[in-house]
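> Provided below for reference: sequence and predicted model.
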Amino acid sequence: MTAHPHLMSPIELRGQTLRNRIVFGAHTANMAEMGLPGPRFAGYLLERALGGAGMIVAEPMPVHRTGVLTRGNFLHSTDEVIAHFRKVTEPVKEAGAVLLQQLYHIGAHGDSDLSFSPHWGPSGGPSYHDSDGSHAMTEAEIEELIAAHIAAAVRCKKGGFQGVEVWGAYHSLLDQFWTPWSNRRTDKWGGSLENRTRMSRRIIEGIRKACGEDFIIGLAISTSDSHDVLLQGEALAEVVALHDATGHVDYVTCGHGGYLDFERLMPTFLYADKLTAPFTEELKKVVKHAKITSEAHVRTPENAESVIASGQADMVSIVRGQIADPHLARKTAEGRAGDVRGCISCNQMCWGRRSRDYWISCLINPSAGREFEWGGDRFTPADKPRHIVVVGAGPAGLEAARAAAERGHRVDLFEAQPRIGGQFRLAGEQPRRAQILDLLDWYERQFEKLQVRVHLNSYAEADDIRALSPDAVILATGSLPDEDGFQRWLPGHDRLPGIDKGNVWSPEEVMRREAKLGDSVILYDEGGHWRGLGTAWALAEQGKQVTIVTPEPFIGKELARTSSDIGLRPRLAKLGVRVLTEHLVAEWHGDAATLRNMLTGAETRHGASALVMSTTNRAFDPLSAELEGIETHLIGDAAAPRQAPYAFHEGRKTALML
């Protein structure tokens, strides 16, 4: 019996029965190959269908040449996609999921590097995606885009999709028409609400006529209170009610944020859970036909159950949660919600890769995007079970031990510290990052079920390992902070001048509370990610006077790909953190630093009781040379210091090879 009865109850849309209320909502996976869906995309969707999702809304299809936004977009305006989509849609439907595709156009917020076309919008104005302006559409061009949406929907039906989701979220093309701030037209497409919604209503009516009464039509919207000029509250509900009154819209899905507040669109751990639930509760009061879907940070089965049970929505869209664990729905249905690997809301490999125009993956689920190669999140038993020793219980070792045990190997895991997690546990102790600690608790539960023998407070020596006579050894011993304080943009100095004067610490020592810092701290950050900046945040919350010094032109350079830098900077500013960009630490004096401006060469003395150096770690591999004759795999930071995704990836990959 499931503990989530409301979430797991079926619901009907246009004669199609969804087996539960969990939607794997539309998002750009960016997996097209030459504009066509291939094995990567097919495997990605199929895994979530096998995992029990009630409905899947496939990656948005640009409907027109002016709407192309990524290298991985599917081809627009051509029937060539139909046969290829058939290879994707049939297995997904056979696996029990109802399958739709989203249709989109971003209007003024285009990307000229990818579309090589003008951005089309209702009234011109700047793009909030690139630095270009947009073209105010003629009436003929509006009609062209209406026809393009309808034609795309027809191709979707021929390709095996059971419906489409029309995109009006995030201040996209349709939202730009709805919003008086961006729609300054004086013709029949602007002014009154009737006029401003004419285009979207024409599109939906045209799709219904072309695709039939049994074809599901959804409408995607988003809510935001970041700027008064955006539609919100009563005005947005009025737009929804007008579309609902047509009887053609079967569901409305509500997201959060948009192009004007991008950091809210895929909210990281900086934001609360269930962001749109209060508004979807209001939407339910104004609709008479459409079902309402709540999305944006509905991460867990518990969150989802509470939204449905309280009447705040009819369905929930869990995207990143099902990227992290594609079997979230099935495990919940089986009463195993505790086995769901929870998303940590980091955005590193989903939006972080998409923002660089790669296909998406997942930090904690490296099989995402590799399902067709790795068999998804389902493990093939090893031909011959072996005895595997894993040394180090950081991300690489944790995933290697778990995946090896899932395949039937006998696993011993050694960790020198009293808890699993390594440096990843320290990251989880930074402000608002406790979802990482939840993940480590999940690993502990999995190890118990899989009978992995975990040896804590155990610094494994070569003789200890040999005494166990293992068939293979996985070395995941991680990395250590650079004791010399080397700065990459001060390459002529192998050691930080003055480091021997003391009061110089690493972020790890700070987070382990081993550092004696005093009241004022300089944190030199070369990484541009959470290792240094999360530590600075923690220190500022403790009341320290913190100055971040970075050689980059702004703090959070690596976080920018996840959009979390946008939310972090104001938090640091409110805590009084000072920032000096494009500076180096020329010398440390024990109670002050000489800081060098990289632009002018000018040097200033900045007093501080301690210096924290967040620079590149050094690999720690004390065992490889002593294990000659034993099959040994060196993975994660022990091979080369990098960020966590690559450690999880190598842990999984190595276990699959054994």
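That came through fine. Residues are numbered from 1 along each chain as shown.

> For the rest of this, base every contact and every neighbour count on C-alpha atoms.
Fine.

> State the mean pLDDT of stretch 516-536.
Averaged over stretch 516-536, pLDDT sits at 97.

> unless I'm mixing things up, M61 is touching L103, no?
Yes - M61 is within contact range of L103, at 4.9 Å (criterion: Cα atoms under 8 Å).

> who touches both of these two?
Shared contacts of M61 and L103, defined by Cα atoms under 8 Å, 6 or more residues apart in numbering, comprise A152.

> and the residue nearest to S345 when sequence neighbours are not counted, what is it in contact with?
Leaving aside its sequence neighbours, S345 sits nearest to T268 (Cα to Cα, 6 or more residues apart in numbering; 4.7 Å). Neighbouring residues of T268 by Cα under 8 Å, 6+ apart: S345, C346, N347, S564.

> ok, and the most crowded of those?
Using other Cα atoms under 10 Å as the neighbour criterion, S564 leads these with 28 neighbours.

> if I read this right, that residue contacts E263, doesn't it?
Yes - using Cα under 8 Å, S564 is in contact with E263, at 6.3 Å.

> where do the strands sit along the stretch 151-300 of the chain?
In the stretch 151-300 of the chain, the strands defined using DSSP state E, counting those that start in this stretch lie at 163-167, 216-223, 251-256, 291-294.

> closest one to E541 among the ones you listed?
E541 sits nearest to strand 251-256 of all these, at 28.0 Å, using Cα to Cα.

> Now do that closest one against strand 163-167, angle only.
Counting by axes from the mean of the first three to the mean of the last three Cα atoms, to 10 degrees, strand 251-256 lies at 40 degrees to strand 163-167.

> per-domain residue ranges of the chain.
The record's domain parsing of the chain by automatic domain parsing lists 11-374, 387-480+619-657, 499-616.

> Any idea which residue is closest to the centre of the protein?
Centroid check for the chain by Cα atoms, centre = their mean gives N347 as the closest residue, at 2.9 Å.

> Show the backbone phi and psi for that one.
phi 70, psi 10 (degrees, to the nearest 10).

> so it touches T562, yeah?
Yes - counting by Cα under 8 Å, N347 sits close enough to T562 to count as a contact (5.1 Å).

> any chance of the contacts of T268 in a markdown table, plus pLDDT, secondary structure and distance to S172?
Formatted as a markdown table, the contacts of T268 follow (pLDDT from 0 to 100; DSSP: H, G, I helix; E, B strand; the rest coil; distance: Cα to Cα, whole Å):
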| residue | pLDDT | secondary structure | distance to S172 |
| --- | --- | --- | --- |
| S345 | 95 | coil | 24 |
| C346 | 95 | coil | 25 |
| N347 | 94 | coil | 22 |
| S564 | 94 | helix | 22 |
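
> Using JSON lines, please lay out those residues together with distance to L219.
As requested, the contacts of T268 are exported to JSON lines (distance: Cα to Cα, whole Å):
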{"residue": "S345", "distance to L219": "25"}
{"residue": "C346", "distance to L219": "27"}
{"residue": "N347", "distance to L219": "25"}
{"residue": "S564", "distance to L219": "28"}
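
> Go through those residues and say which is closest to M31.
Using Cα to Cα, the contacts of T268 come closest to M31 at N347, 17.3 Å.

> Who are the contact partners of that closest one?
N347 makes contact with M266, T268, T562 under the criterion Cα under 8 Å, 6+ apart.

> Over to Q417?
L456, N457, S458.

> doesn't the last one fall inside a strand?
No - if the criterion is DSSP: H, G, I helix; E, B strand; the rest coil, then S458 is coil and not within a strand.

> ok, it touching A416?
Yes - if you go by Cα under 8 Å, S458 and A416 touch, sitting 4.5 Å apart.

> Report the secondary structure state of H606.
Going by three-state DSSP: H606 is strand.

> So what sits opposite it in the bridge?
On the basis of DSSP bridges, H606 is bridged to A593.

> Could you tell me how many residues sit around it?
Applying other Cα under 10 Å, we find 15 residues neighbouring H606.

> Use 52 as the first number from now on
Sounds good: first residue 52 from here, last item H657.

> Go ahead and confirm it touches T645.
Yes - H657 is within contact range of T645, at 6.3 Å (criterion: Cα under 8 Å).

> Quick one: distance of stretch 190-205 to the chain centre.
When distances are taken as Cα atoms, centre = their mean, to the nearest Å, stretch 190-205 is centred 32 Å away from the chain's centroid.

> How about stretch 501-513?
With Cα atoms, centre = their mean, you get 32 Å for stretch 501-513.

> and the least confident of the contacts of N398?
Among those, M317 carries the lowest pLDDT, at 84.

> Skipping adjacent residues, who's closest to that residue in space?
Per Cα to Cα, 6+ apart, closest to M317 is A347, 6.9 Å.

> what sits against that neighbour?
G306, H307, L316, M317, P318, D324, K325, L326, T327, S368, I369.

> again, 7 Å this time
G306, H307, M317, K325, L326, T327 (Cα atoms under 7 Å, 6 or more residues apart in numbering).

> what about G389, which SS state?
Assignment for G389 (three-state DSSP): helix.

> do V636 as well
For V636, the assignment made with three-state DSSP gives strand.

> Flag the shaky bits of the stretch 552-701 of the chain, pLDDT-wise.
Within the stretch 552-701 of the chain, no range satisfies pLDDT under 70.

> Could you pull out the helices in it for me?
Assigned by DSSP state H, counting those that start in this stretch, the stretch 552-701 of the chain shows helices spanning 558-562, 581-592, 615-625, 695-708.

> contacts for stretch 507-522?
The set of residues external to stretch 507-522 that reach it, using Cα under 7 Å, 6+ apart, is 437-440, 465-470, 674, 677-678, 682.

> hang on, I meant stretch 546-555
For stretch 546-555, contacts defined as Cα under 7 Å, 6+ apart pick out D535, G536, F537, A637, E638, W639, H640, G641, A661, L662, V663.

> Report the contact partners of A375.
A375 makes contact with R392, G393, C394, C413, I415, N416, according to Cα under 7 Å, 6+ apart.

> So what's the residue count around the last one?
By the measure other Cα under 10 Å, the count of residues near N416 is 24.

> Give me the distance between it and S168.
36 Å (Cα to Cα, to the nearest Å).

> what about the stretch 152-301 of the chain, any weak spots by pLDDT?
For the stretch 152-301 of the chain, no range has pLDDT under 70.

> How much space separates the residue nearest to M317 from S396?
11 Å.

> quick revisit: is it possible to export the domains of the chain to a markdown table including distance to G543?
A markdown table is the format used below for those (distance: least, Cα to Cα, whole Å):
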| stretch | distance to G543 |
| --- | --- |
| domain 62-425 | 32 |
| domain 438-531+670-708 | 22 |
| domain 550-667 | 11 |
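
> Tell me which of these approaches P432 most closely.
domain 438-531+670-708 (4.3 Å).

> Over to the closest one now: how far is its first residue from its last?
Distance between the two ends of domain 438-531+670-708: 14 Å, counting by Cα to Cα.

> rewinding a little: closest one to A455 among the strands of the stretch 202-351 of the chain?
strand 342-345 (37.1 Å).

> Listing partners with orientation, what would you give for the closest one?
Taking DSSP bridges as the criterion, strand 342-345 forms sheet pairs with strand 302-307 (parallel), strand 366-368 (parallel).

> any idea of the mean pLDDT for it?
On average, strand 342-345 scores 98.

> Tell me the first helix or strand C-terminal of that strand.
For strand 342-345, the succeeding helix or strand toward the C-terminus, using DSSP states H and E, is helix 352-360.

> Tell me which other helices or strands that following helix touches.
Helices and strands touching helix 352-360, as assessed by 3 or more Cα pairs under 7 Å, 6 or more residues apart in numbering; DSSP states H and E, are absent.

> how about the helices of the stretch 552-701 of the chain in TSV, adding distance to K144?
TSV is the format used below for the helices of the stretch 552-701 of the chain (distance: least, Cα to Cα, whole Å):
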stretch	distance to K144
helix 558-562	48
helix 581-592	40
helix 615-625	36
helix 695-708	29
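
> Which one of these lies nearest to L97?
Among these, helix 695-708 sits nearest to L97 (Cα to Cα), with 20.2 Å.

> hmm, who's touching that closest one?
With contact meaning Cα under 7 Å, 6+ apart, helix 695-708 is reached by 414-415, 417, 446-448, 450-451, 454-455, 686-688.
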